[in-house]
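Peer 1: I'd like to go over a predicted model; first the sequence, then the structure.
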Amino acid sequence: MKVDVLLGLQWGDEGKGKVVDVLTPRYDVVARFQGGPNAGHTLEFEGKKYVLRSIPSGVFQNGRTNIIGNGVVLDPVLFREEAEALEASGVELRKLLKLSKKAHLILPTHRLLDAANEKAKGSGKIGTTGKGIGPTYTDKTSRNGVRLGDTLLPDFMDRYGAARDRHMNMLASLGETPDITELEKKWLDAVEYIKTYQVIDSEHEINDLLKAGKSVLCEGAQGTMLDVDFGSYPFVTSSNTVTAGACTGLGVAPNKIGDVYGIFKAYCTRVGSGPFPTELFDETGKKIRDLGHEYGAVTGRERRCGWIDLVALKYAIMINGVTKLIMMKSDVLDGFDEIKACTAYKINGEITNRMPYSLDSENIEPVYTALPGWKTDMTAMKSESEFPANFKAYIDFLEKELETPIVIVSIGPDREQTIERAI
């Protein structure tokens with residue numbers, strides 16, 4: 001058996017949670033492979049809305065195993081809040097969820113460092129969510145991290161104390177001397193709570209499941225253009241959001257990768273600072289934001305909106321080895337007379353369809369192709385045969401440009417508003 005991978009191809013917020021929920025019935029296992037609680041996956045069904053931060057989106061399909069992999073950074077306090085809310089809604093989480101011993105923990109001081117570091121940057125802010133993600137991954141790569149498995153060791157408090165004290169010295173050097181007594185107590189209580197779950201050697205677990213013939217879906221967070229290596233650096237997240245991240249974030253060999261589902265919106269959004277070539281600053285951008293309810297699931301931050309960027313999408317498809325595309329929020333564009341797609345960049349007077357070394361340039365001008373809008377409310381449609389002609393033409397145009405089939409189209413937030421195409 002091979003694992004299939006599902007990930008975002010833009011700057012995050014593509015709608016991965018909903019798609020994982022839709023696809024989960026076809027899989028025995030859903031495994032999250034990177035990121036932290038700054039990445040919110042929103043799901044809507046049966047008239048209710050759920051926002052998941054760290055827990056895989058497969059928990060709403062009873063009987064499926066859900067795994068938080070070693071590539072994830074976990075905040076015990078936020079995990080507890082999320083888990084207790086799910087349990088209160090009737091999800092039997094302890095039966096469904098397993099956590100990797102090798103997942104790194106976000107300490108209370110990581111969040112304080114995140115805020116202090118961002119403050120110290122002044123006008124050069126990255127625009128982090130302040131959840132401590134960057135400092136936690138920094139500790140991981142500098143070999144100073146505290147892992148979930150450490151909480152099971154007799155010297156855990158010594159390990160935690162050494163990390164805390166190091167962080168407090170760093171905060172002092174930044175002019176911060178916070179009292180963390182209450183934060184620490186809440187965090188340590190949450191650590192005891194998290195230990196009531198199944199804490200496992202996830203790399204063995206997943207490979208044993210594959211050997212047993214079980215099907216596994218790997219769930220990513222954020223999006224390709226936020227990848228620490230291939231995204232719009234330095235305005236990126238601190239982990240590898242691409243397909244390769246599923247290998248390192250779960251302990252799956254490269255030859256075990258099967259289908260790669262790439263998710264994108266019919267337009268484009270971005271949260272926080274950083275370059276965004278197709279961003280719209282006019283009424284059209286505002287209209288997309290309002291119609292798409294483009295506000296962060298976790299932070300509530302207003303998302304920047306723009307037309308779809310096919311230069312970035314082609315790049316993301318290449319980097320990830322995408323085999324199947326899924327287009328989200330098509331219905332947001334239902335009322336537009338004209339739809340635009342960026343098919344190239346004009347940089348210093350030259351046209352290119354390749355991703356440049358740095359997007360952070362005022363000299364990048366998007367080159368657009370305009371297509372007629374479909375001017376039809378698609379939200380109640382049940383099959384591809386009902387799609388208006390201009391929407392079918394938009395799909396055909398995208399498939400030709402991207403050289404990859406679009407197998408699923410979302411026409412609304414609910415689980416039922418998902419159309420599978422006959423490819």
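Peer 2: Nice, I can see it. Numbers count the residues shown, from 1 in each chain.
Peer 1: report all helices and strands that the longest helix seen in the chain contacts.
Peer 2: Longest helix of the chain, by residue count under DSSP state H: helix 156-173. Judged by 3 or more CB pairs under 8 Å, 6 or more residues apart in numbering; DSSP states H and E, the packing partners of helix 156-173 are helix 108-120. (Glycine included, C-beta is placed from N, CA and C.)
Peer 1: contacts for the helix it packs on, please.
Peer 2: Outside helix 108-120, the residues within contact range by CB atoms under 8 Å, 6 or more residues apart in numbering are 75, 77, 125-126, 128, 130-136, 139, 163-164, 167-168, 170-171, 174, 176, 178, 180, 183-184, 186-187.
Peer 1: what are the buried residues along that helix?
Peer 2: 108-118 (16 or more other CB atoms under 10 Å).
Peer 1: ok, back up a step: identify those among the contacts of helix 108-120 that sit within helices.
Peer 2: Those of the contacts of helix 108-120 mapping onto helices are 77, 133-136, 139, 163-164, 167-168, 170-171, 183-184, 186-187, per DSSP H.
Peer 1: weed out the non-buried ones from these.
Peer 2: For the ones in helices among the contacts of helix 108-120, a burial check counting by 16+ other CB under 10 Å picks out 77, 133-136, 139, 163-164, 167-168, 170-171, 183, 187.
Peer 1: buried residues in stretch 304-323?
Peer 2: Within stretch 304-323, the residues scored as buried using 16+ other CB under 10 Å are 304-317, 319-320, 322-323.
Peer 1: and those, which of them are in helices?
Peer 2: 310-317, 319-320.
Peer 1: output those residues in a markdown table, with pLDDT and distance to Lys214 appended to each entry.
Peer 2: Listed next are those as a markdown table, based on pLDDT from 0 to 100; distance: CB to CB, whole Å:
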| residue | pLDDT | distance to Lys214 |
| --- | --- | --- |
| Leu310 | 98 | 36 |
| Val311 | 98 | 38 |
| Ala312 | 97 | 34 |
| Leu313 | 98 | 32 |
| Lys314 | 98 | 33 |
| Tyr315 | 98 | 33 |
| Ala316 | 98 | 28 |
| Ile317 | 98 | 28 |
| Ile319 | 98 | 28 |
| Asn320 | 98 | 23 |
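Peer 1: so where's the stretch 1-150 of the chain shaky on pLDDT?
Peer 2: Residues of the stretch 1-150 of the chain that meet the criterion pLDDT under 70 lie in 39-42, 45, 122-129.
Peer 1: again, only this time at 80
Peer 2: 17, 21, 38-51, 61-62, 120-130 (pLDDT under 80).
Peer 1: the helices in it, which residues?
Peer 2: 16-23, 76-88, 93-96, 108-120, 133-141 (DSSP state H, counting those that start in this stretch).
Peer 1: run through the neighbouring helices and strands of the first one.
Peer 2: Helix 16-23 is packed against strand 3-8, strand 41-45, strand 216-219, strand 257-265, strand 324-328, strand 406-410, strand 418-420, with contacts defined by 3+ CB pairs under 8 Å, 6+ apart.
Peer 1: so of those strands, which one's packed in deepest?
Peer 2: Sort the helices and strands packed on helix 16-23 by mean neighbour count, taking mean count of other CB atoms under 10 Å, and strand 216-219 sits at the top with a mean of 28.
Peer 1: quick one: residues in contact with it.
Peer 2: Contacts of strand 216-219 (CB under 8 Å, 6+ apart): 1, 3-7, 16, 20, 23-24, 26-33, 56-58, 206, 209-210, 246, 250, 252.
Peer 1: let's have the helices and strands packed on helix 16-23 in a markdown table, adding distance to Ser100.
Peer 2: Shown next, in a markdown table, are the helices and strands packed on helix 16-23 (distance: least, CB to CB, whole Å):
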| stretch | distance to Ser100 |
| --- | --- |
| strand 3-8 | 15 |
| strand 41-45 | 19 |
| strand 216-219 | 13 |
| strand 257-265 | 19 |
| strand 324-328 | 27 |
| strand 406-410 | 29 |
| strand 418-420 | 30 |
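Peer 1: closest one to Thr241 among those?
Peer 2: With CB to CB as the measure, strand 3-8 is the member of the helices and strands packed on helix 16-23 nearest Thr241 (6.5 Å).
Peer 1: hmm, who's touching that closest one?
Peer 2: So strand 3-8 is contacted by 14, 16, 19-20, 23, 27, 31, 206, 210, 215-224, 241-243, 246, 250, 252, 256-264, 320 (CB under 8 Å, 6+ apart).
Peer 1: rewinding a little: wait, which of the helices and strands packed on helix 16-23 is closest to Lys102?
Peer 2: Comparison of the helices and strands packed on helix 16-23 against Lys102 by CB to CB identifies strand 216-219 as nearest, at 15.9 Å.
Peer 1: I'd like the next helix or strand past that closest one.
Peer 2: Remark: after strand 216-219, the chain's next helix or strand is helix 243-250, criterion DSSP states H and E.
Peer 1: what's that next one packed up against?
Peer 2: If you count contacts as 3+ CB pairs under 8 Å, 6+ apart, helix 243-250 packs onto strand 3-8, helix 202-211, strand 257-265.
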